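Enquirer: model this:
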Amino acid sequence: MLDSNPNWLAHCTEIKDLAKSLFQKSTIHLDSAALLLITDGQTTLSINGHNEHIVFGHLIALDSGAVIQLTYTNRLDFSGYLISFDLYDIEMKSICNWSIDTMNGYSIQRVPETVIADIRMSLAKNIDPLPITIKQFILYSLLKELQQERPTDAYTLEQRIEQTVVYMQNKYNQMMTRDELAAIAGYSPWYYSRKFIELYDKTPIAYLISYRIFRAQEMLLTTDDLSQNIAKKVGFDDVQNFSRQFKRIVGRPPKQFKKSIGDYRVCFLSPAHAEIAIALGVAPHCVTVTSSLTPTYQKMLFHEVGITILEMPQYVIQQDTIVQQQPDLIIGVDLTEETKQHFQTIAPVITGLPYDLKSLIRYFGELFHKEKEAIQIIRELATHVEVLKNKIQQHIAKDATVLYLRVEELGYRYFGESSSDSAILLYQELGLQMPDILRANENSFNTCSLQQLVAANPTYLFIEKRIMDYYTADLSLATLQKSEQWANLDAVKNKRVFYVDTGLWINNCSVFGKRKIMQQIEQSILAVYPKTQ
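Expert: Predicted coordinates for the structure are as follows:
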């Protein structure tokens, strides 16, 4: 972007912890141009009024005056940096404006892991305030990633055809003809149809009909609307034609489809969700997993059920791998808009699901018509929780406190009381107490200094060494364990420190995983310490 004017220079004015800044003030108004770099986790942010799901590796470029807000639609398990900068014109000797050439005033793209690793190393070796050389290195490393090849004046045939596909996706509920689509591409109707078939293996109108049916399937599964109303909403004026096309593509009429959804090839993008389906008696066709975060019990469970396991890097959804499975339905929690739009061209997609386990069990119970089984699962889990709670109350002092601490590459975070299902289990369901000094931002994974840790001085300390495909927290853990503050903690002196696994406690506190976590809590706390008098 700086290449557009060789007289421009960028000057980094500030680098701030993005998560910490948003936790302190949920709305940030930018006074200058800025870059957001997500270095761990995922979340949903409102950027200039548009909700965007962002994950590890995302780089967001923003104009001056942009507004960033937390949406609070999910738990805030992410970290990143806000890099603010000014742009100078050395010839004019003045500050100039930097403009993002988009309607929304921002752009999003992925950054290679190697770039993030270099930035992490730079930040790890320096303390606040950062030297100007380090800040400039970080800024220019990211600006380099924003450099784009200038588009040619003439679009290729594939790009012209793709324009009509995007048009169909955006206007699928409106009437359109082959001639209209051909005009958008700039070709004759005959030539346009022939080239479309070569690229998409079906005619333009057949593509449009399939896309409409996929959207109708989503509405049937997520709403109580009547099929005749849904037919109109997806672009069919003739309800009989809708039913005929639906049965041709799906294999069953609309009413039967909704009742028999468990018989279809369902792809789960979350192993925790796949666990719920299995517990309900529904066998998923395939599930995406990250090897480093998949507990042994879960691998065995999926193999026993006969699920196709699709191994993928952390925070990466390999779309082509999923397309090859030819799913009839794709279910995920949070998807970037780009990923969702891609999947919607091959199957109906259900996203935006609840986050807490009970609501998820009820949701899938209704989706798969397993309401009774869902109620039974919730009752069984509640009984297990109550039994463990009673045992714990007999073994620990009433004023005992518990802290769940995450060790990351560049520091530490403590879990808010509602920040994850495992935190909800500890603090809400089992009734354990968090140190009063840290009771803030209950939905967040909050930054924690060694001074805060000493001030909190928990009776019991659960330590999660963060597992990431792209970095290790070994050095941070070793530094913590060698520190004077660590040695003075009551939990350390009394050997009440327990190490837990990211893959289980964060990613898979589900129907089977939650039972595993409760077993670990019982073995850790109850098997070691005598009953209090």
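Enquirer: Assign a three-state SS to Pro458, would you?
Expert: Using DSSP: H, G, I helix; E, B strand; the rest coil, the secondary structure recorded for Pro458 is coil.
Enquirer: no, scratch that, I was asking about Glu442
Expert: Here Glu442 takes the coil state, with states given by three-state DSSP.
Enquirer: Could you tell me which ranges of the stretch 251-400 of the chain sit under the pLDDT cut-off?
Expert: Low-confidence segments of the stretch 251-400 of the chain (pLDDT under 70): none present.
Enquirer: Strands of that one, start to end?
Expert: 266-268, 286-289, 308-311, 329-331, 349-350 (DSSP state E, counting those that start in this stretch).
Enquirer: Not counting the last one itself, show me its contacts.
Expert: What it means is strand 349-350. The contact list for strand 349-350 (Cβ atoms under 8 Å, 6 or more residues apart in numbering) reads 214, 218, 221-222, 329-332, 335, 340, 343, 367. C-beta: built from backbone N, CA, C; applies to glycine.
Enquirer: partners of it, with directions?
Expert: Strand pairing for strand 349-350, using DSSP bridges, gives strand 329-331 (parallel).
Enquirer: Give me the contact list for the strand it pairs with.
Expert: With Cβ under 8 Å, 6+ apart, strand 329-331 has contacts from 217, 221, 261, 264-270, 273, 322, 343, 347-351, 353.
Enquirer: run the last query once more with 10 Å
Expert: Applying Cβ atoms under 10 Å, 6 or more residues apart in numbering, the external contacts of strand 329-331 come out as 214, 217-218, 221, 261, 264-270, 273-274, 277, 284-287, 322-323, 339-340, 343-344, 346-351, 353, 364, 367.
Enquirer: tell me which residues in it are buried?
Expert: 329-331 (16 or more other Cβ atoms under 10 Å).
Enquirer: So what are the sheet partners of the worst-scoring helix or strand of the chain on mean pLDDT and their directions?
Expert: The helix or strand with the lowest mean pLDDT-type score in the chain, counting by mean pLDDT, DSSP states H and E, is strand 94-96 (a mean of 74). Within its sheet, and counting by DSSP bridges, strand 94-96 is paired with strand 77-89 (antiparallel).
Enquirer: Hmm, Leu30 and Ser21 touching each other?
Expert: No. Contact criterion Cβ atoms under 10 Å: Ser21 and Leu30 do not qualify, at 11.2 Å.
Enquirer: coming back round to it: are any of the contacts of strand 329-331 buried, and if so which?
Expert: Buried members of the contacts of strand 329-331, counted by 16+ other Cβ under 10 Å: 214, 217-218, 221, 261, 264, 266-270, 273-274, 277, 284-287, 322-323, 339-340, 343-344, 346-351, 353, 364, 367.
Enquirer: Now distance to Asn229 too, for the contacts of strand 349-350, in JSON lines please.
Expert: JSON lines is the format used below for the contacts of strand 349-350 (distance: Cβ to Cβ, whole Å):
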{"residue": "Phe214", "distance to Asn229": "17"}
{"residue": "Glu218", "distance to Asn229": "14"}
{"residue": "Leu221", "distance to Asn229": "15"}
{"residue": "Thr222", "distance to Asn229": "14"}
{"residue": "Leu329", "distance to Asn229": "21"}
{"residue": "Ile330", "distance to Asn229": "24"}
{"residue": "Ile331", "distance to Asn229": "24"}
{"residue": "Gly332", "distance to Asn229": "26"}
{"residue": "Leu335", "distance to Asn229": "26"}
{"residue": "Lys340", "distance to Asn229": "23"}
{"residue": "Phe343", "distance to Asn229": "25"}
{"residue": "Leu367", "distance to Asn229": "20"}
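Enquirer: between those residues, which is closest to Tyr499?
Expert: Closest approach between those and Tyr499, by Cβ to Cβ: Gly332, at 30.1 Å.
Enquirer: which residues touch the closest one?
Expert: 267-270, 273, 288, 317, 339-340, 343, 349-353.
Enquirer: Now the two most distant members of those.
Expert: Maximum distance among those (Cβ to Cβ): 17.7 Å, for Thr288 and Gly352.
Enquirer: between these two, who's got more neighbours?
Expert: Legend: neighbour count by other Cβ atoms under 10 Å for Thr288 and Gly352, higher for Thr288 (21 against 15).
Enquirer: What sits closest to the more buried one if chain neighbours are left out?
Expert: In this structure, Thr288 finds its nearest non-sequential neighbour in Leu310, 4.7 Å apart by Cβ to Cβ, 6 or more residues apart in numbering.
Enquirer: From Gln245, how far off is the nearest residue to Gln326 once chain neighbours are set aside?
Expert: Nearest residue to Gln326, sequence neighbours excluded (Cβ to Cβ, 6+ apart): Arg265, at 6.8 Å. In this view, Arg265 and Gln245 are 20 Å apart by Cβ to Cβ, to the nearest Å.
Enquirer: cool, Thr472 as well?
Expert: Thr472 sits 53 Å away from Gln245, going by Cβ to Cβ.
Enquirer: Please apply the same query to Leu301.
Expert: Leu301 sits 38 Å away from Gln245, going by Cβ to Cβ.
Enquirer: how about the strands of the stretch 251-400 of the chain, which one is nearest Val385?
Expert: That would be strand 266-268 among the strands of the stretch 251-400 of the chain, by Cβ to Cβ, at 24.9 Å.
Enquirer: Give me the packing partners of the closest one, helices and strands only.
Expert: Applying 3 or more Cβ pairs under 10 Å, 6 or more residues apart in numbering; DSSP states H and E, we find strand 266-268 packed against helix 271-279, strand 286-289, strand 308-311, strand 329-331.
Enquirer: Neighbouring strands - and their directions - for the second one?
Expert: Yep, that's strand 286-289 we're talking about. Here strand 286-289 is paired, per DSSP bridges, with strand 266-268 (parallel), strand 308-311 (parallel).
Enquirer: how about the residue nearest to Met168 when sequence neighbours are not counted, secondary structure?
Expert: Setting aside the residues directly before and after it, Met168 is nearest to Leu208 in space (Cβ to Cβ, 6+ apart), at 5.0 Å. Recorded secondary structure, Leu208: helix (three-state DSSP).
Enquirer: residues in contact with Leu208?
Expert: By Cβ under 10 Å, 6+ apart, the contact set of Leu208 is 164-165, 167-169, 171-172, 176, 178, 181, 202, 235.
Enquirer: mind listing which of the residues you listed are in helices?
Expert: The helices, defined by DSSP state H, take in 164-165, 167-169, 178, 181 from the contacts of Leu208.
Enquirer: Just list the residues touching Gly41, thanks.
Expert: Contacts of Gly41 by Cβ under 10 Å, 6+ apart are 19, 54-56, 75-80, 315, 408, 413, 445, 466, 468, 506.
Enquirer: distance of Gly57 from Glu338?
Expert: From Gly57 across to Glu338, the span is 13 Å (Cβ to Cβ).
Enquirer: again, but for Asn104
Expert: Taking Cβ to Cβ, one finds Asn104 at 14 Å from Glu338.
Enquirer: Between those two, point out the one with more neighbours.
Expert: Asn104 (15 against 12).
Enquirer: Quick check: that one is in a strand.
Expert: No. Counting by three-state DSSP, Asn104 falls outside a strand, being coil.
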